[in-house]
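> Okay, here's the prediction I keep looking at, along with the sequence it came from:
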Amino acid sequence: MRKRGDSRFFGGAVALVAVTLALTMTLAACDQQGMSTTTEGTLGGGVLGGGAGAIVGAAVGHPLAGAAIGGALGAGTGYVVGSSLQNQQAASQQQAGQIQMQQQEIQSQRRQIQQLQQEQQTE
């Protein structure tokens with residue numbers, strides 16, 4: 001069993017942190033239009049949770065177990081947050097569409113009022 005003072009222990013922890021950072025950078029570079037907010041949250045949470053889990057796991061001598069547990073918890077949390085954000089975005093888009101339709105209706109009614117006023121003046 002590896003001990004905290006063992007250089008291989010720290011090498012493994014550093015390698016896990018490096019892999020986690022590389023995955024994070026890769027996700028950041030991905031085309032954001034190709035992923036839903038829920039997917040982004042799940043992946044981001046999984047990567048961050050895996051990195052944090054690897055660091056904590058390395059401190060107790062089990063970096064891979066820590067990474068697996070942290071990744072699973074992070075992905076679950078990221079899914080919940082991403083899903084909530086996606087639902088809020090959908091509601092906001094729907095509301096914006098309704099506002100636009102109402103503004104068009106108001107403009108139409110203003111034109112009709114102006115036409116009626118012009119007709120009354122010519123009579």
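In hand now; what should we look at? Numbers count the residues shown, from 1 in each chain.
> Distance of L43 relative to I99?
Relative to I99, L43 is positioned 33 Å away (CB to CB, to the nearest Å). Heads up, the C-betas are built off the backbone N, CA and C, glycines and all.
> Pick out whichever of these two has more residues nearby.
L43 (21 against 10; other CB atoms under 10 Å).
> My guess is the more buried one contacts G78. True?
Yes - the pair L43 / G78 is scored as a contact, 7.0 Å apart, by CB atoms under 8 Å.
> what bits of the chain have low per-residue confidence?
Scanning the chain for pLDDT under 70 picks out 1-33.
> From the chain's centroid, how far away is stretch 77-93?
Using CA atoms, centre = their mean, to the nearest Å, the mean C-alpha position of stretch 77-93 is found 8 Å from that of the whole chain.
> what packs against the longest helix anywhere in the chain?
Counting by DSSP state H, the longest helix found in the chain is helix 63-122. Counting contacts by 3 or more CB pairs under 8 Å, 6 or more residues apart in numbering; DSSP states H and E, helix 63-122 packs against helix 7-29, helix 37-59.
> which strands and helices sit next to the last one?
For helix 37-59, the packing partners by 3+ CB pairs under 8 Å, 6+ apart come out as helix 7-29, helix 63-122.
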